[in-house]
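Participant: Structure of the sequence below:
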Amino acid sequence: MEECIFCRIAQKKIPCKMIYETDNAMAFLDINPGSSGHTLVIPKKHYDTIDIMPEDEVIDLFKVAIKVMKAVDKVIKPDGINLFQNNKLAAGQIVNHTHIHIFPRFRGDKIDFRWGRVPLDNEDMDRIAELIRGGLE
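Facilitator: Residues are numbered from 1 along each chain as shown. Just a heads-up that it's a prediction; the model follows:
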């Protein structure tokens, strides 16, 4: 996909601060980091969202993410790390190419990923669980 910035990075048409690369995935520093060491892990093949990726490629992508996350933790020495992946705009996905964020966190960094609570009673939870189980493939 020529217009996709992450595809262009994967094809080496746009430079990046490469951290790690395999045949199928690559990790590089985010050019608009939320913290020092904020790294992105992408598949080299274009997939808009992770749910359309073949399972073996998702596994490979997460193996790279975990390997790089351990290195970030070792050398950046954050107080914690968020590892997250957004699907679609409503979930915060800005670039429509699957990617995983490795996000080092530091005490007092003023970044907040907490969410409000939706009150559900036991009956609601049973109904929702049943719906989701019915949607499993």
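
Participant: SS state for residue 40?
Facilitator: strand (DSSP: H, G, I helix; E, B strand; the rest coil).

Participant: Make 538 the first number, not 1, from now on.
Facilitator: Yep, numbering from 538; the last one is residue 577 now.

Participant: That one reaches residue 562, doesn't it?
Facilitator: No - with contact defined as CB atoms under 8 Å, residue 577 does not count as touching residue 562 (10.6 Å). Bear in mind the C-beta positions are built from the backbone N, C-alpha and C, glycine included.

Participant: I'd like the average pLDDT over the helix or strand encompassing residue 669.
Facilitator: Residue 669 belongs to helix 659-672 when assigned by DSSP states H and E. Across helix 659-672, pLDDT averages out at 92.

Participant: Run the chain-centre distance for the helix-or-strand element of the chain with minimal mean pLDDT.
Facilitator: Across the helices and strands of the chain, mean pLDDT, DSSP states H and E gives its lowest value to helix 659-672, namely a mean of 92. Centroid displacement of helix 659-672 relative to its chain, using CA atoms, centre = their mean, to the nearest Å, is 27 Å.
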